[in-house]
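>>> from the sequence below, what's the structure:
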Amino acid sequence: MKKKLSNALALLLLLAQAPAAASRPQTTRPAPAAAQQPSPQSATQTPATQQPTPRPSPDDDSDEDVVRITSNLVQFDAVVTDRQGRLVTDLRPEDFEVSIGGRGQEITNLSFVLNEAAPAAAVAPTAAPRDKAAPLPPAPLRAGQVRRTIALVVDDLGTSFEDIYSVRRALKKFVDEQMQPGDLVAIMRTGAGVSALQQFTNDRRILYRAIERVRWNPQGRAGVNAFAPLDLTTSAYTEADPANGKTPTRPGTPGADDRDLGQKDGPAADLEEFRHGVFTVGTLGAINFIIRGMSELPGRKSILLFSDGFKIYPKPGTYENTTRIQEALRRLTDQANRASVTIYTMDARGLACLCVTAADDLGPRVSSGVIMQATESRREEFLSKQEGLAFLAEQTGGIFIRDTNDLGGGVRRVLDDQKGYYLIGFRPSEGVFDAEKGRPRFNKLEVKVRRAGVNVRTRAGFFGYTDREMKAAVPHTRAEQLISAIASPLTSGELNLRLTSLFNSPAGGEQLVNSLMHIDMNQFTFADEPDGWKKAVMDVVAITFGENGQVIDEVNRTETLRARADGFQQLIRNGLVYMLKVPVKKPGAYQLRVAVRDAAAEKLGSASQFIEVPDLRKKRLALSGIFMMDAARTEAIAAGGADGQSGTADHLRDATVRRFRTGSGVDFFYDIYNARLDRAAGRPQLQTRSRLFRDGRLVFDGAPQAYDPGPQPGPDMRRLPAVSRIQLGAQLPPGEYVLQVVVTDTLAAGKSGTATQWIDFEVVK
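Here you go, the predicted structure:
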C-alpha cells in the first residue's frame, strides 16, 4: 500500500516539474516514474477535533470609497477635526461651503466614511504555539475588501545614515502592530524605483523583505548625519583682525562671503547645490511614478513619505536649479490630486539639535558672534528643507509631521487621520471642464465648515478632464490590458485563477519553482466550429521577479483550446491546469505574477504568489512547498483504482484549486532538506507538527509526530520526502484556511533546527 502511494506521489511530482505546457482536454498518458522512488512517511491521522468559531469575512463593497471626478458629478474627500485633532463625524450638508475658483457649488450628497476594519469576532484558539514561526500568508484581497491603500515611501535619496535607522524601526512597528485587515501596503524607496517585490500587498512577508532593503544610499543628497559638521577654522570665520578692521558678516548680506558659514564655497558649493537639485527631482519623479501606479487601486489611497526634506525656494545664483524642482513639484501634486492620493510627509530628522555639537570644529579664535551666525545658518538650512515636505502635504490634503523623534508615533497619527472622512459630492457648474489655453483647467477647490472650532483639510483642486478623455486612458490593446492586469496587486474577478507555486530541489537536480495555475473555463467565450468542436483563444503572460525586481523568467503566449463532446464538458466542469517551471539559480525571495486574457471577450484575470527559496548550501533545515490532495483520491491511486489519465488530472486540480469538503481527509506532501543524521542509529531525529489557521488565528495545533524515513533511509539526508494527513471535521466552518507544517530537527541547535512551510486552502460544504 505504501509503495503504491509512494509511486503515485513520485509520478505527480514529476509531472509538476515538467516543462511549461498547457494541459489539454485530451490528456496523454504520463511518462514513467523516476527509477529512484521516495519512501514517504507513514500517513498519520490527525483529526482536527477543535473547531473554530465562524468569523465573518469583509463584505465586498460594490461602491469603492474613492474620489470620482466626471462632468456630471465631482466627489472628493475631506477630513474634519476639532481643536484636539479628534474627528468630527456629525456634520450635515448645510454645515459645508464648497466653491471652485470662488464660485459656490450646491452639495448634492454627503456621507461620512468610517475607514476602520470591523473588530473580529473572538476565536477560541488552541494552546499557544511553542515556537516562533514566520508570519502566515493572508488571503488575497478583492477590490471591495480594501479599506486603505498605503504607500510607505522612504526617500533614500535624501535621508541620512543615522535617520534611516529610525525609519526602519517605524516601518517594522507599522507592519507588526499597526497594519489592519483590509490594508493594501507597499514599502518603496525613491532610489530604487518600484520593484515588483515592493508592489502593494497585504502579505507581511513581502513587506519584511522590503524593509530589509531600506538602507542609506551613499550616492544620494544626504550624508551620514542630518547636518554636515561646521568648520570655522579658516581665516574668514575667525575673530576680526583689529589691524585691518575686517569683520565677518552674515552670508547673504552686503560684504559677506559668497557662502554659508561652515559650508563649502566656490565651485564646490555650486556642485553641491546642483547635486541636491538633481536628487530632489529624482525623489519627486519616483513619487510621481508611484502615484501613477496607485491611480487604479481601490480604497482610501495615501502616501507617507519619510525624508530629511528638500528645498523648493531659490537661493542667490541657483534659480534655474530650484525652478526645475518647483516644476516637478507642481506636476507631482497635480498627479496626486487627479489620482485621489493624499500625501503625508514626515521629517525623518526628528527633533534636531541646531546648536553647536561635539562634531563641529570651531577653531581656537572663533568669536561668539560667528558661532551664532553659523548656528543661525544651520537653522535656516533645516527649515528650508521642511518647506518642500510641508507643501506636498498641504496641496494634497495630508499633514506634515515634524519635530518628533517618535516616528512610529507619527505613523500612528497618520493612520488616525485616515480613520474617517467625509465624501462630498456636487454637480459642477458650467465652465469647470472647459479648456483653458488649450489645456485642461485646474479648478481650485475650497471647503469651509460653518461650525466654530473645527478644521477641514482637503486636496487643493483637480483638473477638468472630460469623461471622453478619461475613457481614452483605459487600456485597449492586448499588450495594454495584460500589462495592466499583471501590474494589479489584486486578484481579478473577471476570470477566476488559482495559483500554486512550490519550491522544490529534486535529488541531483537544480532548484526549481514549479507553478500550477488553475483557470475556471466557465467564464471563457467558446466559438462553435464544424463537427461539434468548440474553440477558445487564451493569452497568458507570466513573469517571475527576483529580489530586486529583476525579471528572472517571462512567458508570453497565445494558446488555442479546442474540445468537443465529453472533453468539452470536462473542461468546463473541471477547468484547465496550466503548468510552468522556472529554474532558480540562487536563493532569495521571488514573486510570480500571471495574467490571463480571454481574447474573444477581452476578459482578464490575474494572480500573484510570493515564494522564498532557501539557501540549501548553508546546511540548515529547510522545507519544499506543500502539495495538497484529497485523501480519497490518493487512496484510490494507492489501491490501483484510478487510471493515469483521470487520476492525474484530478490530483493536479486538487493541488491547484485546494478546495476540500468538510469531513474529508486531506493528504499533504513535502520534502525535508538538510536533516542531521544520528551516527549511532543511522537515522534522523525529526518531529513534524501540523497547524490550521483561520483569519490569522490558530484553530488547530496537532501533536508532534516522529518522522519515519522508512527501514533504510541511507546516509544522505539532503532530501527526505514526507506525507501526512489531516481530517477536516464535519462541523468545520467553511472558509479560507492556512495549513502550516513545522519540522524540528532535535539533533540541530538554535534556529537552524526548525523549519516551517505553509499553504492556503478553502473548506466548503
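
>>> torsion angles phi and psi at the nearest residue to residue 348 once chain neighbours are set aside?
Excluding its sequence neighbours, the residue lying closest to residue 348 (C-beta to C-beta, 6 or more residues apart in numbering) is residue 163, at 4.1 Å. Placement of C-beta: from N, CA and C, glycine included. Per-residue torsions, residue 163: phi -80, psi -30 (degrees, to the nearest 10).

>>> pretty sure residue 163 sits against residue 352.
No: the criterion here is C-beta atoms under 8 Å, and residue 163 misses it with residue 352 at 9.7 Å.

>>> which residues do these two both contact?
Residues touching both residue 163 and residue 352 (C-beta atoms under 8 Å, 6 or more residues apart in numbering): residue 226.

>>> of these two, who's got more company?
Just comparing residue 163 and residue 352: by other C-beta atoms under 10 Å the higher neighbour count belongs to residue 163, 25 against 18.

>>> now what about the host helix or strand of residue 185, what contacts it?
Applying DSSP states H and E as the criterion places residue 185 in strand 183-189. With contact meaning C-beta under 8 Å, 6+ apart, strand 183-189 is reached by 141, 146-156, 171, 175, 179, 194-195, 198-202, 207, 210-211, 213-214, 217, 286, 290, 297, 299, 489-490.

>>> low-confidence ranges, the stretch 1-150 of the chain, go.
Applying pLDDT under 70 to the stretch 1-150 of the chain picks out residues 1-67, 116-137, 139-140, 143.

>>> recalculate using a threshold of 50.
For the stretch 1-150 of the chain, applying pLDDT under 50 flags the ranges 1-63, 65, 118-132.

>>> what's the helix or strand for residue 606?
Assigning secondary structure by DSSP H and E places residue 606 in strand 603-613.

>>> after that strand, which helix or strand is next?
Reading on from strand 603-613 to the C-terminus, the next helix or strand found by DSSP H and E is strand 622-623.

>>> which neighbours does the helix or strand that that following strand is followed by have in its sheet, and in what orientation?
Where DSSP H and E defines the elements, the next helix or strand beyond strand 622-623 is strand 627-630. Applying DSSP bridges, strand 627-630 is found paired with strand 665-673 (antiparallel).

>>> so what does the helix or strand following the strand it pairs with touch, helix or strand wise?
For strand 665-673, the following helix or strand on the C-terminal side (DSSP H and E) is strand 686-694. For strand 686-694, the packing partners by 3 or more C-beta pairs under 8 Å, 6 or more residues apart in numbering; DSSP states H and E come out as strand 697-701, strand 705-706, strand 720-727, strand 735-745.

>>> quick one: closest of the ones you listed to residue 335.
strand 735-745 (36.1 Å; C-beta to C-beta).

>>> show me the shaky parts of the stretch 301-450 of the chain.
Counting by pLDDT under 50, the stretch 301-450 of the chain shows low-confidence ranges at 318-320.

>>> could you pull out the helices for it?
319-338, 368-396, 407-417 (DSSP state H, counting those that start in this stretch).

>>> can you list those in TSV and add mean neighbour count and distance to residue 568?
Putting those into TSV (neighbours: other C-beta atoms under 10 Å; distance: least, C-beta to C-beta, whole Å) gives the following:
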stretch	mean neighbour count	distance to residue 568
helix 319-338	18	46
helix 368-396	19	53
helix 407-417	19	52
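
>>> as JSON lines, the ones you listed with distance to residue 660 would be great.
Listed next are those as JSON lines, based on distance: least, C-beta to C-beta, whole Å:
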{"stretch": "helix 319-338", "distance to residue 660": "45"}
{"stretch": "helix 368-396", "distance to residue 660": "47"}
{"stretch": "helix 407-417", "distance to residue 660": "37"}
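
>>> looking at the ones you listed, which is nearest to residue 479?
For these, the distance to residue 479 is smallest for helix 319-338, at 23.3 Å, taking C-beta to C-beta.

>>> how many neighbours does residue 434 have?
By the criterion of other C-beta under 10 Å, residue 434 has 10 neighbours.

>>> now swap in residue 405 and tell me
When neighbours are defined as other C-beta under 10 Å, residue 405 has 11 of them.

>>> picking up where we left off before, average model confidence for the strand holding residue 606?
Across strand 603-613, the average pLDDT comes to 86.

>>> for that strand, name the packing helices and strands.
Using 3+ C-beta pairs under 8 Å, 6+ apart, strand 603-613 is in contact with helix 204-212, helix 478-487, strand 497-504, strand 512-519, strand 588-598.

>>> tilt between the third one and strand 603-613?
I take that to be strand 497-504. Orientation check (axes from the mean of the first three to the mean of the last three C-alpha atoms, to 10 degrees): strand 497-504 against strand 603-613 gives 20 degrees.

>>> quick one: strands adjacent to strand 497-504?
Strand 497-504 has these partner strands in its sheet, going by DSSP bridges: strand 512-519 (antiparallel).

>>> tell me how far the partner strand is from the chain's mean position?
The chain centroid and the centroid of strand 512-519 are separated by 21 Å under C-alpha atoms, centre = their mean, to the nearest Å.

>>> downstream of it, the next helix or strand is which one?
Counting by DSSP H and E, the element after strand 512-519 in chain order, helix or strand, is strand 527-528.

>>> strands paired with that next one, and their directions?
Strand 527-528 sits in its sheet next to strand 534-545 (antiparallel), going by DSSP bridges.

>>> buried sites along the strand it pairs with?
By neighbour count on 16 or more other C-beta atoms under 10 Å, the buried set for strand 534-545 is 534, 536, 537, 538, 539, 540, 541, 542, 543, 544, 545.

>>> equivalent analysis for stretch 558-565, please.
For stretch 558-565, burial by neighbour count (16+ other C-beta under 10 Å) applies to 559, 561, 562, 563, 564.
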